[in-house]
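Colleague: sequence-free structure coming up:
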């Protein structure tokens with residue numbers, strides 16, 4: 001792993017040297033080196049544009065480089081483009097390094113699970129190949145209108161604080177992209193935004209507003225009001241732990257340790273109580289049995305009873321015996337720290353840094369408590385003691401992640417507001433609504449972490465919920481602000497709290513970043529506001545870059561008529577989950593497609609003789625591609 005650390009340093013040095021020899025005028029300026037911001041810059045670079053990425057930390061890559069190694073994507077293949085290129089490179093790295101039949105390759109699950117250092121390495125590799133991209137680290141943007149120079153509704157330049165020299169720097173750009181988790185750039189530009197939760201009365205979203213829901217259950221628990229409030233879902237750190245003694249660093253006692261924050265865990269461990277539906281369904285006999293087992297120093301039994309370190313964190317295995325350890329969703333107390341993060345989105349970096357340190361101490365304190373507190377059962381402490389921080393990760397930060405997992409910051413009020421109805425099927429067998437202006441397909445559940453800490457008498461944490469969606473399409477208006485002519489926002493996207501609860505996954509953010517880079521390039525070429533760009537032209541280029549705009553189970557980017565099938569799907573020709581492009585076209589389809597397209601298809605094609613893909617290719621050439629010219 002040392003050779004990868006050296007490679008990171010060399011690549012970072014090369015990027016910094018490249019920055020020193022480049023002018024301060026760029027086609028595209030990206031605020032924050034999150035994965036979305038990186039993909040925006042690379043997409044623009046591949047279209048011949050210069051791009052500047054301004055990253056506050058010393059390590060570009062956002063959460064992908066800071067512990068989020070278990071990719072949040074339910075339907076693999078639903079999202080393509082640069083995200084899929086990144087995933088493919090991850091797999092190739094493990095195959096090349098350890099061999100095709102190695103345990104590391106098995107554990108990477110086709111590239112969707114990876115170590116933080118490997119995620120960072122692959123992103124740096126992709127950046128290094130993008131010769132017109134400059135990355136500047138330790139550059140802080142503060143959400144102050146004074147840090148932007150604007151002419152009417154157009155941003156001309158940006159002022160940045162160099163955290164190394166303590167000096168202000170100014171950069172000029174043609175298009176600007178807000179790739180921050182917080183939405184700092186849109187705020188400085190005066191774009192309207194929302195924080196907190198909408199109530200159910202606003203958009204009739206299931207489980208909107210203040211809500212208590214058992215994990216895995218349908219329906220709400222008593223105390224749910226569904227009213228809007230200012231609460232923001234909890235943040236945490238994604239921890240890279242290992243139980244390999246050769247690379248395990250003992251959990252240190254944090255600088256600030258408050259045992260009282262964790263003592264309620266003791267009863268939960270002894271009884272097995274948790275916030276899932278399984279606990280609620282336990283019989284009196286089962287609970288009595290667990291009380292007896294506790295008196296005998298034995299762990300409780302029952303379905304989905306997380307024990308040891310798995311009760312404190314939700315561990316997902318990544319290669320080389322490490323984990324992506326997230327908050328345990330059935331626990332009342334885990335690595336999330338609800339309530340205290342509410343000011344983050346709109347606060348200064350000084351405040352954010354204080355909270356980040358508080359969260360670090362809290363997180364280490366949780367693990368330290370689980371390993372050492374004498375009131376915890378011995379079997380529990382012993383299991384927790386098997387785990388420690390990975391010695392070869394985050395080596396310049398005491399093996400602890402460098403960035404807080406900011407799940408939600410400001411949400412732009414853009415040209416289109418993404419809601420839960422955009423991600424959930426119209427009926428049991430149908431798709432969610434299909435957006436003709438789609439920039440990407442994606443798929444993850446509506447997933448929100450807790451908004452409040454444990455409350456006495458409550459069976460669940462306020463706001464902690466998840467429910468199903470289906471592969472959906474994300475319209476262009478989600479990244480487009482009103483008014484500002486040269487600004488795009490793929491990360492603080494336009495969505496409700498619950499709408500963002502699915503969009504906020506890194507695969508979708510990466511795809512939206514790529515789309516923003518393409519749109520920015522076309523805005524520069526066409527010299528028209530981003531609000532007026534022809535979306536079909538953006539989509540054409542996204543497909544050139546292997547993006548998937550609408551998901552079909554049976555069609556990949558390698559199909560000869562992939563482009564035609566994509567546009568046909570977005571325009572209502574193929575509403576089912578399978579396109580069956582190589583099946584013979586039916587007479588009904590020919591009739592329906594003729595009406596939809598206005599073309600006399602029966603004069604050119606014969607039902608039962610020509611493939612669907614042939615007909616759709618013709619429609620595409622005659623009709624669907626015209627609006628992209």
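Modeller: Received, thanks. The structure presented is a predicted model; accordingly, all values stated were derived computationally and were not measured.
Colleague: averaged pLDDT, stretch 608-615. What do you get?
Modeller: What stretch 608-615 shows for mean pLDDT is 96.
Colleague: quote the end-to-end distance of it.
Modeller: 12 Å (C-alpha to C-alpha, to the nearest Å).
Colleague: identify all contacting residues around that stretch.
Modeller: For stretch 608-615, the external contacting residues (C-beta atoms under 8 Å, 6 or more residues apart in numbering) are 559-561, 564-565, 579-587, 589-590, 593, 601, 605. The way it works is simple: take the backbone N, C-alpha and C, and place the C-beta from them, glycine included.
Colleague: so, low pLDDT: which residues of the protein?
Modeller: In the predicted model of the chain, residues 1-23, 304, 626-629 satisfy pLDDT under 70.
Colleague: again, only this time at 80
Modeller: Scanning the chain for pLDDT under 80 picks out 1-23, 302-306, 624-629.
Colleague: list the buried ones in the lengthiest helix in the chain?
Modeller: For the chain, the longest helix by residue count, based on DSSP state H, is helix 349-372. Neighbour counts over helix 349-372 (16 or more other C-beta atoms under 10 Å) mark 349, 352, 355-356, 359-371 as buried.
Colleague: same for that helix, what does it pack against?
Modeller: For helix 349-372, the packing partners by 3 or more C-beta pairs under 8 Å, 6 or more residues apart in numbering; DSSP states H and E come out as helix 309-312, helix 378-384.
Colleague: coming back round to it: in PyMOL, how would I select the buried members of the contacts of stretch 608-615?
Modeller: Buried residues among the contacts of stretch 608-615 (16+ other C-beta under 10 Å), as a PyMOL selection:
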select buried, resi 559+561+564+565+579+580+581+585+589+590+593+601+605
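Colleague: which ones among the contacts of stretch 608-615 map onto helices?
Modeller: In this view, those that belong to helices under DSSP H are 564-565, 587, 589-590, 593.
Colleague: save these as JSON lines, and put in distance to residue 524 too.
Modeller: Output for the ones in helices among the contacts of stretch 608-615, formatted as JSON lines (distance: C-beta to C-beta, whole Å):
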{"residue": "564", "distance to residue 524": "28"}
{"residue": "565", "distance to residue 524": "30"}
{"residue": "587", "distance to residue 524": "47"}
{"residue": "589", "distance to residue 524": "41"}
{"residue": "590", "distance to residue 524": "42"}
{"residue": "593", "distance to residue 524": "37"}
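Colleague: which of these lies closest to residue 93?
Modeller: Nearest to residue 93 out of those is residue 565 (C-beta to C-beta; 31.5 Å).
Colleague: so what's residue 554 up against?
Modeller: 578-581 are the contacts of residue 554 under C-beta under 8 Å, 6+ apart.
Colleague: can you rerun that using 10 Å?
Modeller: 565, 576-583 (C-beta atoms under 10 Å, 6 or more residues apart in numbering).
Colleague: how about those, which pair is most distant?
Modeller: That would be 577 and 582, which, of the contacts of residue 554, are the farthest apart (C-beta to C-beta) at 16.1 Å.
Colleague: stretch 247-260: how far from the chain's middle?
Modeller: 28 Å (C-alpha atoms, centre = their mean, to the nearest Å).
Colleague: how about stretch 176-186?
Modeller: From the chain centre to the centre of stretch 176-186 is a distance of 15 Å (C-alpha atoms, centre = their mean).
Colleague: again with stretch 270-278
Modeller: 29 Å.
Colleague: likewise stretch 62-77?
Modeller: 7 Å.
Colleague: again, but for stretch 372-379
Modeller: Distance, centroid of stretch 372-379 to centroid of chain: 36 Å (C-alpha atoms, centre = their mean).
Colleague: buried residues in it, which are they?
Modeller: Buried residues in stretch 372-379 (16+ other C-beta under 10 Å): 373, 376-377.
Colleague: what does stretch 432-448 give?
Modeller: Of the residues in stretch 432-448, those buried (16+ other C-beta under 10 Å) are 432, 434-448.
Colleague: and those, which is closest to residue 507?
Modeller: The closest of these, once distances to residue 507 are taken by C-beta to C-beta, is residue 442, at 6.4 Å.
Colleague: so that closest one makes contact with residue 509?
Modeller: Yes: contact status for residue 442 versus residue 509: in contact at 9.4 Å, counting by C-beta atoms under 10 Å.
Colleague: give me the common contacts of those two.
Modeller: Common neighbours of residue 442 and residue 509 (C-beta under 10 Å, 6+ apart) are 83, 503.
Colleague: can you check which strand is longest in this structure?
Modeller: The longest strand of the chain (DSSP state E) is strand 167-178.
Colleague: what strands line up against that one, and which way round?
Modeller: In the sheet, strand 167-178 lines up against strand 25-31 (parallel), strand 154-162 (antiparallel), strand 487-488 (parallel) (DSSP bridges).
Colleague: how distant is it from the center of its chain?
Modeller: That offset, for strand 167-178, works out to 25 Å (C-alpha atoms, centre = their mean).
Colleague: now that strand: buried residues?
Modeller: Buried-residue list, strand 167-178, by 16+ other C-beta under 10 Å: 171, 173-178.
Colleague: ok, so of those, who is nearest residue 619?
Modeller: Of these, the one sitting nearest to residue 619 (C-beta to C-beta) turns out to be residue 175, at 33.4 Å.
Colleague: I'd assumed residue 528 was in contact with that closest one.
Modeller: No: if you go by C-beta under 10 Å, residue 175 and residue 528 don't touch, sitting 11.7 Å apart.
Colleague: so what sits against both of those two?
Modeller: 485, 522.
Colleague: gap between residue 86 and residue 120?
Modeller: Distance from residue 86 to residue 120, counting by C-beta to C-beta, to the nearest Å: 11 Å.
Colleague: next up, the contacts around residue 550.
Modeller: Going by C-beta under 10 Å, 6+ apart, the list of residues near residue 550 reads 78, 431, 434-436, 438, 440-441, 471-473, 565-571, 574, 579.
Colleague: burial count for the closest residue to it other than its chain neighbours?
Modeller: Closest residue in space to residue 550, ignoring its immediate chain neighbours: residue 569 at 4.2 Å, by C-beta to C-beta, 6 or more residues apart in numbering. Residue 569 is flanked by 25 other residues according to other C-beta atoms under 10 Å.
Colleague: go ahead and confirm residue 380 touches residue 299.
Modeller: Yes: using C-beta under 10 Å, residue 380 is in contact with residue 299, at 7.2 Å.
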